[in-house]
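Colleague: What follows is a protein structure lacking sequence information:
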């Protein structure tokens, strides 16, 4: 083949190759969003007959103003001293919201274990009732109110993801309910983005990370790439606040609860990174592996909290850090990074990790081979 023929062949092939490249890029961009592999698990066993656990009455849909008292009311700017009176008022005012968060998580875990049709119908009825009431959508809110909205969305959407993606396809015969629920989640996520977008760095703390997690879970539940991209953006803002030693400056401000709040910042960040990873966005090395640095700093702080006291001069309150479920972030974290044998041993000792704010039993999702993870929920 002479040079002229070669140039002619390249000229003929070039548009085709360009077209193929563009098509491949478009196909990749259009790939449906998905959760980590553990969310595809089928129902463990389908029970029919026998005594059903029944379905509790649907919590009253919350359609009022999202104006709630803070449990730290009257505290100084560190927001670290509990006000028992205002906490009681907060718990009473938000009781139905907490009931649906916890209830949906429990129901989905039970359904994935037992597969009773009535369990699924109960869950969908709860969600559809709140969706049709346009619950939690008030634009009359304070900081505590918008916090409740994003927590509730994250809890419900992440539980729902297990139903939507299970290889047992439990929603196949419930498409009308699914559309109603997903439209509500989608609308609420838009409001959460509005609530938490582009905050000044000094105001960007664990609340923003939890907001981003709720939007990430919703993005996968509704296959909305714009929501996915926003969650990734907020993740990057978060981990780029982690300093060289693994501290979060805005959580250090929490004085005696600084370590507890560093730990509280990890679950949403680890879950976002895990969900991003399976959708082709690798966030593990962002800010020199800041998520790993933060996790290691917290684990070291649990062993020796004096490191945090040296940073802000306050003896650390370790109460929350004695609760195993507070370390549920270890499941996604140890799927993203190589955890040491000591950390893995500690993780297995604390399993199974169940937390309604992350959608239920994370051990079944991330470490199903674990002996404890295969126990009943």
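Modeller: That came through, no problem. Nothing here was measured: the structure is a model prediction, and the numbers come from that model. Numbering: from 1, shown residues only.

Colleague: ok, and the residue nearest to residue 125 when sequence neighbours are not counted, which helix or strand is that part of?
Modeller: Excluding its sequence neighbours, the residue lying closest to residue 125 (C-beta to C-beta, 6 or more residues apart in numbering) is residue 58, at 6.5 Å. Placement of C-beta: from N, CA and C, glycine included. Following DSSP states H and E, there is no helix or strand that holds residue 58.

Colleague: Show the contacting residues for residue 58.
Modeller: Residues near residue 58 by C-beta atoms under 8 Å, 6 or more residues apart in numbering: 125-126, 129-130.

Colleague: Go through these and give me the one with the most neighbours.
Modeller: In terms of neighbours by other C-beta atoms under 10 Å, the contacts of residue 58 top out with residue 130 at 26 neighbours.

Colleague: quick one: that one is in a helix?
Modeller: Yes: assigned with DSSP: H, G, I helix; E, B strand; the rest coil, residue 130 falls within a helix.

Colleague: rewinding a little: and the residue nearest to residue 125, how far is that from residue 128?
Modeller: Noted for residue 58: a distance of 9 Å to residue 128, by C-beta to C-beta, to the nearest Å.

Colleague: Same check on residue 94?
Modeller: In terms of C-beta to C-beta, residue 94 sits 21 Å off from residue 128.

Colleague: For the stretch 151-300 of the chain, which segments are assigned as helices?
Modeller: For the stretch 151-300 of the chain, the helices defined by DSSP state H, counting those that start in this stretch occupy 175-196, 206-222, 225-239, 249-252, 258-278, 286-303.

Colleague: in the third one, what's buried?
Modeller: So the one you mean is helix 225-239. Buried residues in helix 225-239, counting neighbours by 16 or more other C-beta atoms under 10 Å, are found at 227-228, 230-232, 234-239.

Colleague: rewinding a little: phi and psi next, for the residue nearest to residue 125.
Modeller: Backbone dihedrals for residue 58, given as degrees, to the nearest 10, come out at phi -60, psi 130.

Colleague: for the most centrally placed residue in the chain, what are its contacts?
Modeller: Nearest to the centroid of the C-alpha atoms of the chain, with distances taken as C-alpha atoms, centre = their mean, sits residue 213, at 4.0 Å. By C-beta under 8 Å, 6+ apart, the contact set of residue 213 is 154, 158, 231, 267-269, 271-272, 358.

Colleague: which non-adjacent residue is nearest it?
Modeller: With C-beta to C-beta, 6+ apart, the residue lying closest to residue 213 is residue 268, at 3.5 Å.

Colleague: quick one: contacts for that neighbour?
Modeller: Contacts of residue 268 by C-beta under 8 Å, 6+ apart are 154, 206, 209-210, 212-213.

Colleague: again, but for residue 322
Modeller: Per C-beta under 8 Å, 6+ apart, neighbours of residue 322: none.

Colleague: what's the answer for residue 157, then?
Modeller: Taking C-beta under 8 Å, 6+ apart, we find residue 157 in contact with 185, 189, 214, 217-218, 221, 359.

Colleague: Kindly report the same for residue 273.
Modeller: Residue 273 makes contacts with 235, 283-284, 291, 332, 336, as judged by C-beta under 8 Å, 6+ apart.

Colleague: From the chain's centroid, how far away is stretch 340-349?
Modeller: Centroid separation for stretch 340-349 versus its chain: 23 Å, with C-alpha atoms, centre = their mean, to the nearest Å.

Colleague: Buried residues of that stretch, list them for me.
Modeller: 343, 346-347.

Colleague: ditto for stretch 317-324
Modeller: Buried residues in stretch 317-324, defined by neighbour count with 16+ other C-beta under 10 Å: 317, 321, 324.

Colleague: can I get these in JSON lines with pLDDT?
Modeller: Listed next are those as JSON lines, based on pLDDT from 0 to 100:
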{"residue": "317", "pLDDT": "96"}
{"residue": "321", "pLDDT": "96"}
{"residue": "324", "pLDDT": "97"}
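
Colleague: of these, closest to residue 171?
Modeller: Residue 171 lies nearest to residue 324 out of those, by C-beta to C-beta, at 31.5 Å.

Colleague: Now residue 295: closest residue in space, sequence neighbours ignored.
Modeller: residue 333 (5.3 Å).

Colleague: quick one: what helix or strand has the one you found in it?
Modeller: Residue 333 belongs to helix 330-336 when assigned by DSSP H and E.

Colleague: Just list what that helix packs against, helices and strands only.
Modeller: With contacts defined as 3 or more C-beta pairs under 8 Å, 6 or more residues apart in numbering; DSSP states H and E, the packing partners of helix 330-336 are helix 258-278, helix 286-303, helix 341-350, helix 362-366.

Colleague: Just put these in CSV and tack on distance to residue 136 and mean pLDDT.
Modeller: Formatted as CSV, the helices and strands packed on helix 330-336 follow (distance: least, C-beta to C-beta, whole Å; pLDDT from 0 to 100):
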stretch, distance to residue 136, mean pLDDT
helix 258-278, 19, 98
helix 286-303, 29, 98
helix 341-350, 32, 97
helix 362-366, 24, 97
